[in-house]
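J.: I'd like to go over a predicted model; first the sequence, then the structure.
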Amino acid sequence: MTTITLTGSSGLVGSNILKALIPLLDSQPDTRVRLADRSLKANALNGQRMNMSFVKFDFEDPSTWAAALEGTTTLFLLRPPQIADVKAVFNPLMEVIEAAEVQHIVFLSVQGAPETSIIPHHKIERLIIDSGIPYTFLRPAYFMQNFLGNLRKDLVKYRHIYVPAGSTPISLIDVRDLGEVAAQVLAHPDQYLNQGFDLTSDQRLSFEQMANIISKQTGQYIRYHNAWLVPFILHRLIQSDSFGLSLVMALLHYAPRWRAPSPLTDEVLRITGHAPTTFDEFARRDLTYVHDEDKKRIRT
């Protein structure tokens, strides 16, 4: 019996992995999927499908770790954004993972992690390598779905993108494509052991170019405002982000201005068999809320 334990299963990445994983495992009746999350309610429906079960797992509650990981063959591991202290959380967590005799760790890292020693993902990758447990590192580019989350309010309320990104073009990834890649790795782990994969679409875009594409696809004029660093952090705080998350958001958008352009790869095509989603396709499919909110405002 193979057991895949999926941390963060109710989140954006976890839910997309689960959606892609279910059909792949139809031909693997001896594989069980364990949804490891701190919220039972979030996973109640998913737990009724296939060979699935729910187990409570909270990164900030070590008492939940051992039971959740017991019997795990392959572990999908991510880092919750609020956890920055790798030593305090992931060092002891790795000890529990080793004690559970996990055979394979699929870690959700970020593009550029091996070269960027100041970010937590770099440190976690090193911990996993040093453990000797076979691994696969998924290193996605900038999530297109940030426009459905952290950047949504600015689009709806102010019709602009306000980030400290300058004119630097960045590589992007649709989380649905990431979910399909992760599902393939989890379903066929032997093909991807001890490898790292940068996951991108086939285009680099600046935020001004993204604003133009959103304008075209939604019929609503969206401007790009290049933010100064400190005003951007204050802006995020006013929007009720924590100080830690505000700093992470600032670094996410500001750091690429001082690095070499992030590479584009064909890993999505190679692993899933289909070309990655373009930003035009994403905007046409998922950013209709910009137009819908405008109609709602007119009606009221």
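T.: The structure has been received and is ready for your questions.
J.: contact partners of stretch 214-233?
T.: Stretch 214-233 has contacts (CB atoms under 8 Å, 6 or more residues apart in numbering) with 147, 155, 159-167, 206-208, 210-212, 235, 243, 246-247, 249-250, 253-254, 280, 283-284, 287-288, 290-291, 294. Backbone N, C-alpha and C define where each C-beta goes, glycine included.
J.: now with 7 Å, please.
T.: The contact list for stretch 214-233 (CB atoms under 7 Å, 6 or more residues apart in numbering) reads 155, 159-166, 207-208, 211, 235, 246-247, 250, 254, 280, 283-284, 287-288, 290-291, 294.
J.: same question for stretch 71-82.
T.: Applying CB under 7 Å, 6+ apart, the contact partners of stretch 71-82 are 2-8, 13, 17, 59, 69, 97, 100, 102-108, 120-121, 124, 182, 186, 189, 244-245, 248.
J.: again, only using 8 Å
T.: Outside stretch 71-82, the residues that touch it by CB under 8 Å, 6+ apart are 2-8, 11, 13-14, 17, 34, 59, 69, 90, 97, 100, 102-108, 120-121, 124, 182, 186, 189, 242, 244-245, 248.
J.: now the contacts of stretch 214-233: which count as buried?
T.: Among the contacts of stretch 214-233, those classed as buried by 16 or more other CB atoms under 10 Å are 155, 159, 161-166, 207-208, 211, 235, 246, 250, 254, 283, 287, 290.
J.: helices - which of those residues land there?
T.: Judged by DSSP state H, the buried ones among the contacts of stretch 214-233 include 155, 207, 208, 211, 235, 246, 250, 254, 283, 290 as members of helices.
J.: quickly note the distance from the fifth one to residue 198.
T.: In other words, residue 235. Separation of residue 235 from residue 198 (CB to CB, to the nearest Å): 30 Å.
J.: tell me which stretches of the stretch 51-200 of the chain form helices.
T.: For the stretch 51-200 of the chain, the helices defined by DSSP state H, counting those that start in this stretch occupy 65-69, 86-99, 120-131, 152-158, 175-187.
J.: which one of these is the most hemmed in?
T.: Mean neighbours per residue, mean count of other CB atoms under 10 Å, is largest over those for helix 175-187, with a mean of 23.
J.: in PDB, could you pull the C-alpha coordinates for it?
T.: Output in PDB follows, covering the C-alpha atoms of helix 175-187 (Å, rounded to 0.1, in the frame of the first residue of the first chain):
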ATOM      1  CA  VAL A 175      -1.400  27.100 -10.500                       C
ATOM      2  CA  ARG A 176      -3.500  24.600 -12.400                       C
ATOM      3  CA  ASP A 177      -0.400  23.700 -14.500                       C
ATOM      4  CA  LEU A 178       1.600  23.400 -11.200                       C
ATOM      5  CA  GLY A 179      -1.100  21.100  -9.800                       C
ATOM      6  CA  GLU A 180      -0.900  18.900 -12.900                       C
ATOM      7  CA  VAL A 181       2.900  18.700 -12.600                       C
ATOM      8  CA  ALA A 182       2.800  17.800  -8.900                       C
ATOM      9  CA  ALA A 183       0.100  15.200  -9.500                       C
ATOM     10  CA  GLN A 184       2.300  13.500 -12.100                       C
ATOM     11  CA  VAL A 185       5.300  13.500  -9.700                       C
ATOM     12  CA  LEU A 186       3.200  12.100  -6.800                       C
ATOM     13  CA  ALA A 187       1.600   9.400  -9.000                       C
END
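J.: please pick the buried ones from the contacts of stretch 71-82.
T.: Among the contacts of stretch 71-82, those buried by neighbour count (16+ other CB under 10 Å) are 2-8, 11, 13-14, 17, 34, 59, 69, 90, 97, 100, 102, 104-108, 120-121, 124, 182, 186, 189, 248.
J.: among those, name the ones in strands.
T.: 2, 3, 4, 5, 6, 7, 34, 104, 105, 106, 107, 108 (DSSP state E).
J.: and which of those is nearest residue 151?
T.: Of all these, residue 151 sits closest to residue 108, with 20.3 Å by CB to CB.
J.: need the pLDDT of the closest residue to that closest one other than its chain neighbours.
T.: Nearest residue to residue 108, sequence neighbours excluded (CB to CB, 6 or more residues apart in numbering): residue 78, at 4.1 Å. Residue 78 is assigned a pLDDT of 96 by the prediction.
J.: cool, residue 245 as well?
T.: pLDDT recorded at residue 245 is 79.
J.: roughly how far apart are the residue nearest to it when sequence neighbours are not counted and residue 179?
T.: Nearest residue to residue 245, sequence neighbours excluded (CB to CB, 6+ apart): residue 81, at 6.3 Å. Taking CB to CB as the measure, residue 81 and residue 179 are separated by 18 Å.
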